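**Student:** Turn this into a model:
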Amino acid sequence: MVQTRALERTAWIAAIALFLFLARVELTSDDTGIIAGLIFLSACALALLQPRHAWRWGLIIGLAIPAAEIYAIYFGTPRSGLSGPKGWAGVMAITLAIAMAGAYIGAGVRKLIGLFTR
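**Tutor:** Numbering: from 1, shown residues only. Predicted coordinates for the structure are as follows:
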């Protein structure tokens, strides 16, 4: 039980660190492919670490990019393509889909590893 709590605490700390890292990369980079790969791999790694509620890792990681864009609107220079609701809906849908796919694939891999190591 203590080991499970420590692992969950580690996963939460890693999720917050990855959220901040992805938001920073989004603000400083224009390379969408790299950012999409980082979103997928980050969610996958968190779900491998703690697969019980994979949806929360996908949600946390998937919201990093919209949070960075909101920050850019108020404190930086907003991107021109995000001026209306259609742009925001697209960003939210794509980032959440990539993050959820990564999280559930990571959880599935963890379950497969558990089946083969018994």
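**Student:** So which elements touch the host helix or strand of residue 17?
**Tutor:** Per DSSP states H and E, residue 17 falls inside helix 2-28. Counting by 3 or more Cβ pairs under 8 Å, 6 or more residues apart in numbering; DSSP states H and E, the packing neighbours recorded for helix 2-28 are helix 32-49, helix 54-62, helix 64-75. All C-beta atoms are positioned from the backbone trio N, CA, C, and that covers glycine.
**Student:** Could you measure from the residue of the chain positioned farthest from its centre over to residue 111?
**Tutor:** Largest separation from the mean C-alpha position in the chain: residue 118, at 30.0 Å (Cα atoms, centre = their mean). Using Cβ to Cβ, to the nearest Å, we find residue 118 at a distance of 11 Å from residue 111.
**Student:** now swap in residue 97 and tell me
**Tutor:** Separation of residue 97 from residue 111 (Cβ to Cβ) stands at 21 Å.
**Student:** Can you find which helix in this structure contains the most residues?
**Tutor:** Using DSSP state H, we find that the single longest helix of the chain is helix 85-116.
**Student:** Low-confidence regions, the chain specifically.
**Tutor:** For the chain, the stretches with pLDDT under 70 are 1-3, 80-84.
**Student:** Perfect, that will be all.
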